[in-house]
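>>> what's the 3D shape of this:
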Amino acid sequence: MRRTIYSSSSPNKASSSKPVSKCVTFRIPTEKLRRLIKETEAKQVSLNTLSNQILKEYLDMHSLAPRAKLYYMPKVFLMRLVDEYSEKELNELARETAKNDLVDISLFLKGGFSIASLADITETWLRISKMPYRYETNGDSSKIIIQHEMGPKYSYLIREICRYLLEVAFEAKANYSITDDTLVIEADIFKR
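From the prediction side, this is the model:
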């Protein structure tokens, strides 16, 4: 089956808020196209929108993940590993992850290490992993709420990684709330 995807804007009519796009035709195996169409119906988006989401996720993360030393693993496996650590070991892991790994990942994926680059990587990771999250803004303060459903030690680990990054690397103050399955970070730096 052949499907043509048409651009909604041409190079001559591009607005300042929309990127320039082009019309492209792809040949997609029929079964894969049926699956994509089924996904568009479930998500209530157009095939064009879903295709752009897939391309964005691939270009922003999946294509670079192996070179950034990011790998996929089952959620349950990760939960079991984290549950084996003591609080002291989780603190050390959080510090080393924030200090070394996330700096390298940010430099490789975004070309720099800043709050903005880490926020972008975090949002991409949350979106791709289908982890529920949301931003809330109230006056001068913003917060991100992440519902990971991976247990209290995972909440603790992620809070400590964020705390180390914000307070040590960027000298920013934040308030944290954790439950067994949710992490809330409130700070002025999350403003969009």
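>>> Flag every buried residue along stretch 143-154.
Neighbour-count burial for stretch 143-154, counted by 16 or more other Cβ atoms under 10 Å, picks out K143, I144, I146, H148, M150, K153, Y154. Yep, even glycine has a C-beta here, placed from its N, CA and C like the rest.
>>> Which of the residues you listed fall in helices?
Using DSSP state H, the subset of those located in helices is K153, Y154.
>>> Pick the one among the buried residues of stretch 143-154 closest to L183.
Ranked by distance to L183 (Cβ to Cβ), the buried residues of stretch 143-154 are led by I146 at 4.8 Å.
>>> can you put the buried residues of stretch 143-154 in a markdown table and add pLDDT and distance to Y71?
Shown next, in a markdown table, are the buried residues of stretch 143-154 (pLDDT from 0 to 100; distance: Cβ to Cβ, whole Å):
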| residue | pLDDT | distance to Y71 |
| --- | --- | --- |
| K143 | 87 | 30 |
| I144 | 91 | 25 |
| I146 | 95 | 21 |
| H148 | 94 | 18 |
| M150 | 94 | 17 |
| K153 | 96 | 21 |
| Y154 | 95 | 17 |
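>>> Most widely separated two among the buried residues of stretch 143-154?
K143 and K153 (22.1 Å).
>>> Okay, buried residues for stretch 157-176 please.
Applying 16+ other Cβ under 10 Å to stretch 157-176 flags 157-166, 169, 174, 176 as buried.
>>> mind listing which of those residues are in strands?
The strands, defined by DSSP state E, take in Y176 from the buried residues of stretch 157-176.
>>> ok, which stretches of the protein are helices?
So, for the chain - with DSSP H - the helices run 30-43, 47-57, 75-83, 87-96, 102-110, 115-128, 152-163.
>>> In CSV: the ones you listed, plus distance to P66.
Supplementary listing: the helices of the chain in CSV, determined by distance: least, Cβ to Cβ, whole Å:
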stretch, distance to P66
helix 30-43, 23
helix 47-57, 15
helix 75-83, 18
helix 87-96, 21
helix 102-110, 11
helix 115-128, 15
helix 152-163, 22
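>>> and the ones you listed, which is most packed in?
helix 152-163 (a mean of 20; mean count of other Cβ atoms under 10 Å).
>>> That helix to helix 87-96, inter-axis angle?
40 degrees (axes from the mean of the first three to the mean of the last three Cα atoms, to 10 degrees).
>>> List the contacts of helix 152-163.
78-79, 82-83, 85, 87, 90-91, 93-95, 97-98, 102, 146, 148, 174, 176, 178-183, 185 (Cβ atoms under 8 Å, 6 or more residues apart in numbering).
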